[in-house]
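Chemist: Okay, sequence plus prediction incoming.
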Amino acid sequence: MQQLTVFMDIESSRTYIDELYSSDPDKVMEALVTLKNSVIGSNRQKSSVIQQGIVPRLLQLMTDDCLDPTIRLEATITIGSLAKGTAENVASLVEHGTTIILVELLKVVPTGLRLTEACLCALRSIFQHPPAPISALPADMRFLTRLTQIAREGSSTSRACVVRILSIWCGGPIEQEALCVAGACEAIAALLAMRGFTSPPLARALPALDLLAAMCFENANVSQAVINTRHGEKTIPELLTALVSRDKPLSVARGAARCLTFIHRAGALASDDNRVVFGALPCLARLCTKEMPEDIRATAAETLAYLAEVDTALQRLAAISNHLMSSLTEIVVCPSPAAKQGAFKCFASLGANDEDIRKRIIETHGVMVHVVNGMNNPEPAVRLAAVRCLHSLSRSVQQLRTTFQDHAVWRPLMQLLNDSPGTELLTVGSSTLCNLLLEFSPAKEPMLDQGAVEMLCNLTKRPEAALRLNGIWALMNMAFQAEQKVKQRILCTLGTEQMFRLLGDGDTRVIMKTLGLLRNLLSTRNHIDAIMAEYSSQVMQAVIVVLEGSYPAEVKEQALCILGNIGDGEKAKDLIMANEDVLRKLVDYLAHPESKLQEAALFVAGNLVWRGEAGSAARQARLADLGVLRALKLLRARHDAHHLHDKVKTALAQFSDFT
Amino acid sequence: MSLDTSSNNGTSKPERKHYDRTKSDDLQISRTDMNMLIMNYLVTEGFKEAALKFQQEAGLQEPALCSSLDERIMIREAVQGGRIPEAISMVNALHPELLDNDRYLYFHLQQLQLLELIRAGRAEEALAFASATLAEAGANDRIALTELERSLALLAFPDPHTSPFADLLLPSHSQKIASELNAAILKMENQEYTNPKLCSLLRMILWSQSELDKHNVKYPKMTDLANATIEQPK
């Protein structure tokens, strides 16, 4: 045994480092062992030797296959120790090309050797420091197959390292598919099925579960392959179900439930499958309870939010007693941002589709206070999650009138929307605003003061279709039964040019809502007259554009309804009457094969011929001249327009010379 | 470990309010179970020769000697003998990641080295060593810093063995660290039980007694673990 001094100071280390470059293998070996013993456990030593430039020499010793294997091994182990240092240490290693060299070594070195294990340990340590050098690992099938083989057959340490590396590396569909083909599923199944004494020791199961989750996330093919993969007699879902039980360590249960969740959401397990309903769901609910550690509760809530996000049956099941929602109320007041985020997202999912659940969330659990607090939280992710929660709850029309008003949720919401939010927050926030504007009559005024109209008009100019839609939809809701000055403000701020642009939008829904906005603006008689007095030519032009263009029937129906509304206005009627083009179109639409268009045209005609209005006789004569009377009679005679007969009769009855 | 409860049929027994060692037992503890516990203790703690001899004498099957038993024995001897660099070198050869993963353990080993220097009266070297190596761990960990301060405080006393921190210089301290290291090695090898099962049993006794104490129950209490002395309730 070499005589070791009690401690090495920085100066004396120079001597043994020089020996690293010796041509005598024994001296090199001695120096390596001394170096290794000096850096293990001490970040200061690691930094010091890296600064002295030994990394290239170590890499050289690692890769030289003429050297004694023990030298190569010791060099690799030393690199591995350096990789357990600070982030700067790891960055230095990566800069020197360590990752690539390790990968190259792994491609050629036989898998059973200690050298392989040392390479994997070093690589794993490097990968665990973000940002992981993912690009250094090729999606090369031979290489990946090698790795998955090690994951099945290698030493315990090697297996753990491979799985950990791959779970960090697996970032998207390409990696997911590649790993699946390379046999990762079988390796994972073997790891999950391993029995230490009675259950897989924590160290083996957790990385395997992380890898499985990474592979299955949003990937239908891989998830399908996974549910058919067996180890012995058990399929992976069966193995996972065994791991979500109460006697398993919490992080293992959480990991297994997460995998089942991802597999279900990717489409490979139905939402009524036992493994989801009696496996993942109750486990996640249990992990949310108050006795659990905060970090477990946070991730369990987030996973549960994802599980129940779109399926009403699962939402109802999860909300079936008040236990879960009480647990979530505890989680939302935990200090960590992750916990708040998880809880808000879970509330958002649970309340997404069911009115009763929303009611319970708001009334029984007093969530609104937390939502408002959440929208004011310093962490952006928490604010976003709080808005998502509010969005879900805002689908509850009853609650809109009472609870939301009490908590003035619109104020922090408007603040967030005006504060240069990211696209995600803007989308969810504007959708929420849309819903709030449906009922929120008293709050509309202050919202105007906060610049709501300008903000929404700006949204309609965004490249993202979802944002344009939300913008115009919110304006439409805002205009519904609004005061004249609100309507004026909207028209003025949006501008007719923008309106025309929106009428030509690539997304039909945007066109529909624009027409809906026009319809809402042109309601109530004096509003109609006032608006048409100022904007008549633009409005008529808009209507004609839609009626002439190749739009779907439902869009044209909206345009006709607008026309009908104009026809209700006192002075505005004349505008239609003066436009022969429009009147001829009206005749055509009365005879249109599409029933809803007939009905809409009928509505227009009915308003124009209405006997009670001044000047009706003149209008009726004109319309009769153009063939409207004839068209109405034909309509009455048609068998397939039976449901319209009452309205037709009423319209015909308006004509003075028809008894 | 199995405890057989024999069933009584027919005759009614007087209700016993406390455990009477002189009466015949309902609870049987088999000799095999006891032997296995002892064997487990010997193997875990690294008493290889004793384990082999005991196996012979007790007629047990070949003990499950872990592959690292020899190394663990040598490492323990080095630690308890104050030859720390040697111990560290052996641990690094066996499990190179262990001390990097557990910096607190590494600190404890370095601390033992410091104590060796203090014990030998090499005060200046001790201070230099402390600032070169131990300061790093102390900077990152509150608890380590406190322990470091205690160790260095020994230097303030002309006779460290009579100072308030003299416990650090006793063999019991290095034995404690040696056991810590032993357990860490076993854990690294994925052994489920890194402490002897006897330890768990003793802890169970202490826990049960404290639970009973909380509820003010009167029971025969084991007051001295080493001698298994049981005191009857007053």
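Modeler: Nice, thanks for sending it over.

Chemist: Next, work out how far apart whichever residue of the stretch 301-450 of chain A sits closest to chain B and A:Val367 are.
Modeler: Chain B sits closest to A:Pro335 of the stretch 301-450 of chain A, with a gap of 21.0 Å, by Cβ to the nearest Cβ. For the C-beta atoms, the positions are set from N, CA and C on the backbone; glycine is no exception. Here the criterion is Cβ to Cβ, to the nearest Å. By it, A:Pro335 lies 18 Å from A:Val367.

Chemist: so A:Glu379 touches A:Ala339, yeah?
Modeler: No - between A:Glu379 and A:Ala339 there is no contact under Cβ atoms under 8 Å: 11.2 Å.

Chemist: ok, these two, which is more surrounded?
Modeler: Under the criterion of other Cβ atoms under 10 Å in any protein chain shown, the comparison of A:Glu379 against A:Ala339 puts A:Ala339 first, with 22 against 14.

Chemist: tell me which element that one is part of?
Modeler: Using DSSP states H and E, A:Ala339 sits within helix A:337-350.

Chemist: Give me the average confidence score over that helix.
Modeler: Helix A:337-350 carries an average pLDDT of 96.

Chemist: How about stretch A:308-325?
Modeler: Averaged across stretch A:308-325, pLDDT comes to 92.

Chemist: Could you give the backbone dihedrals for the residue of the stretch 301-450 of chain A closest to chain B?
Modeler: Main-chain torsions, A:Pro335, degrees, to the nearest 10: phi -70, psi -30.

Chemist: can you give me the helices in chain B?
Modeler: For chain B, applying DSSP state H gives helices covering B:31-45, B:48-58, B:69-80, B:84-94, B:98-101, B:103-119, B:123-129, B:135-140, B:142-153, B:171-188, B:197-214.

Chemist: distance of B:Ile84 from A:Ala132?
Modeler: Distance, B:Ile84 to A:Ala132, by Cβ to Cβ: 36 Å.

Chemist: neighbour count winner among the two?
Modeler: Between B:Ile84 and A:Ala132, counting by other Cβ under 10 Å, B:Ile84 is the more crowded of the two (22 against 19).

Chemist: Excluding residues flanking it in the chain, which one is nearest the residue sitting nearest the centre point of chain B?
Modeler: Closest to where the C-alpha atoms of chain B average out (Cα atoms, centre = their mean) is B:Ser179, at 5.2 Å. Closest residue to B:Ser179 apart from its sequence neighbours, by Cβ to Cβ, 6 or more residues apart in numbering or on different chains: B:Glu45 at 7.6 Å.

Chemist: what do you get for A:Ala151?
Modeler: Spatial nearest neighbour of A:Ala151, excluding adjacent residues (Cβ to Cβ, 6+ apart): A:Ala187 at 3.8 Å.

Chemist: what helix or strand is the one you found on?
Modeler: According to DSSP H and E, A:Ala187 maps onto helix A:184-193.

Chemist: list the buried ones in stretch A:428-436?
Modeler: Going by neighbour count (16 or more other Cβ atoms under 10 Å in any protein chain shown), the buried part of stretch A:428-436 is A:428-436.

Chemist: State the distance from A:Ile100 to chain B.
Modeler: 22 Å (Cβ to the nearest Cβ, to the nearest Å).

Chemist: contacts for the helix or strand containing that residue?
Modeler: Following DSSP H and E, one finds A:Ile100 within helix A:98-108. Contact with helix A:98-108 is made by A:55, A:59, A:62-63, A:76, A:79, A:83, A:93, A:115-116, A:119-120, A:122-123, A:126, A:133, A:136-138, A:142-143, A:146-147, as judged by Cβ atoms under 8 Å, 6 or more residues apart in numbering or on different chains.

Chemist: Next secondary structure after the helix or strand encompassing A:Ile77?
Modeler: A:Ile77 is part of helix A:69-82, with elements assigned from DSSP H and E. Downstream of helix A:69-82, the next assigned helix or strand under DSSP H and E is helix A:87-95.

Chemist: mind checking how far that following helix is from the chain centre?
Modeler: Here the centre of helix A:87-95 is set off from its chain's centre by 34 Å, with Cα atoms, centre = their mean, to the nearest Å.

Chemist: Can I get it as PDB, trimmed to CA atoms?
Modeler: Extracted as PDB, the C-alpha positions of helix A:87-95 are listed here (Å, rounded to 0.1, in the frame of the first residue of the first chain):
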ATOM      1  CA  ALA A  87     -22.300  22.800 -12.400                       C
ATOM      2  CA  GLU A  88     -19.100  24.500 -13.600                       C
ATOM      3  CA  ASN A  89     -17.100  21.300 -13.200                       C
ATOM      4  CA  VAL A  90     -19.600  19.500 -15.400                       C
ATOM      5  CA  ALA A  91     -19.700  22.300 -17.900                       C
ATOM      6  CA  SER A  92     -15.900  22.100 -18.200                       C
ATOM      7  CA  LEU A  93     -16.100  18.400 -18.800                       C
ATOM      8  CA  VAL A  94     -18.700  18.800 -21.500                       C
ATOM      9  CA  GLU A  95     -16.700  21.500 -23.200                       C
END
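
Chemist: ok, residue 152 - contacts?
Modeler: Defaulting to chain A. A:159, A:183, A:186-187, A:190.

Chemist: oops, I was thinking of chain B
Modeler: Contacts for B:Leu152 (Cβ under 8 Å, 6+ apart) come out as B:114, B:126-127, B:130.

Chemist: Of the residues you listed, select the buried ones using a ChimeraX command.
Modeler: Applying 16+ other Cβ under 10 Å to those, the buried members can be selected in ChimeraX as follows:
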select /B:114,126,130
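
Chemist: mean confidence for stretch B:84-96?
Modeler: What stretch B:84-96 shows for mean pLDDT is 94.

Chemist: and that stretch, is it in reach of chain A?
Modeler: Yes - using Cβ under 8 Å from any Cβ of the partner chain, stretch B:84-96 comes into contact with chain A via B:85-86, B:88-89, B:92, B:96.

Chemist: Format those residues as JSON lines; extra columns: neighbour count.
Modeler: As requested, the residues of stretch B:84-96 next to chain A are arranged in JSON lines below (neighbours: other Cβ atoms under 10 Å in any protein chain shown):
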{"residue": "B:Pro85", "neighbour count": "19"}
{"residue": "B:Glu86", "neighbour count": "19"}
{"residue": "B:Ile88", "neighbour count": "23"}
{"residue": "B:Ser89", "neighbour count": "21"}
{"residue": "B:Asn92", "neighbour count": "21"}
{"residue": "B:Pro96", "neighbour count": "22"}
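
Chemist: okay, now the domains of chain A?
Modeler: A:19-136, A:555-658 (the TED database).
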